[in-house]
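[1] just the structure for this:
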Amino acid sequence: MTDIKPTLHLVCGKIAAGKSTLARELSIDPKVILINEDTWLSRLYPEEINTIPDYVRCSGRLRSIMEDHLQQLLQAGVSVVLDFPANTPDIRAWMLGIATRAKVENKLHYLDVSNDQCKERLHARNASGSHEFAPSDEEFDVITSYFVPPQKDEGLNIILHVQ
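    Modelled structure (predicted):
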């Protein structure tokens with residue numbers, strides 16, 4: 001993937017929809033940098049994220065730190081794949097604001113995957129121990145209750161990935 005202009009790539013989808021896998025695929029070009037929220041959170045806040053309010057608090061801190069950095073990378077001509085879940089209108093508005101201030105294109109990659117398929121993938125991922133976080137089915141259900149599919153009127157360039 002070689003972008004003519006720097007682009008902010010965003011990923012949207014439920015837990016275990018394949019966001020991080022797609023993000024890695026999008027970042028194979030040398031002029032593209034991948035920034036993964038789960039990696040940053042697990043290293044900055046080890047043992048601190050045990051509940052949804054913990055996640056909200058810590059991810060908010062991370063977003064406040066990353067905002068100017070992301071804008072500077074984009075303005076320097078580097079495309080960014082932001083592997084943060086773009087799963088609510090507020091988070092997507094924050095992400096769009098970064099692209100807008102940096103004056104770069106945005107692409108929101110929306111993975112439309114069923115709850116059953118996500119849970120099946122989650123079980124396999126949890127069993128393999130390959131991910132920083134291993135939510136239960138109950139946590140999946142609670143977190144998914146906050147998920148809002150992207151809408152065209154949000155100002156994002158949506159690319160639908162149906163699986």
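[2] determine the set of other helices and strands touching the helix or strand harbouring residue 42.
    If you go by DSSP states H and E, residue 42 is part of helix 37-44. Using 3 or more Cβ pairs under 8 Å, 6 or more residues apart in numbering; DSSP states H and E, the elements in contact with helix 37-44 are helix 52-75, strand 79-85. Bear in mind the C-beta positions are built from the backbone N, C-alpha and C, glycine included.
[3] does residue 147 really touch residue 17, like I thought?
    No. Look at residue 147 against residue 17 with Cβ atoms under 8 Å: they stay out of range, at 9.6 Å.
[4] for these two, indicate the residue with more neighbours.
    residue 17 (26 against 15; other Cβ atoms under 10 Å).
[5] this protein: strands as residue ranges?
    Assigned by DSSP state E, the strands in the chain fall at 7-12, 32-36, 79-85, 105-112, 158-162.
[6] could you check the angle the fourth one makes with strand 158-162?
    Translated: strand 105-112. If you take axes from the mean of the first three to the mean of the last three Cα atoms, to 10 degrees, strand 105-112 sits at 20 degrees to strand 158-162.
[7] what strands line up against strand 105-112, and which way round?
    Sheet pairing for strand 105-112, assigned by DSSP bridges, gives strand 7-12 (parallel), strand 158-162 (parallel).
[8] contacts for the last one next, please.
    Read that as strand 158-162. 13, 18, 22, 107, 108, 109, 110, 111, 112, 150, 152 (Cβ atoms under 8 Å, 6 or more residues apart in numbering).
[9] CA atoms only for that strand - export them in PDB, please.
    C-alpha atoms of strand 158-162 as PDB (Å, rounded to 0.1, in the frame of the first residue of the first chain):
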ATOM      1  CA  ILE A 158     -15.600   4.300   5.200                       C
ATOM      2  CA  ILE A 159     -14.200   1.200   3.600                       C
ATOM      3  CA  LEU A 160     -16.400  -1.800   4.400                       C
ATOM      4  CA  HIS A 161     -14.800  -5.200   5.100                       C
ATOM      5  CA  VAL A 162     -17.600  -7.900   5.300                       C
END
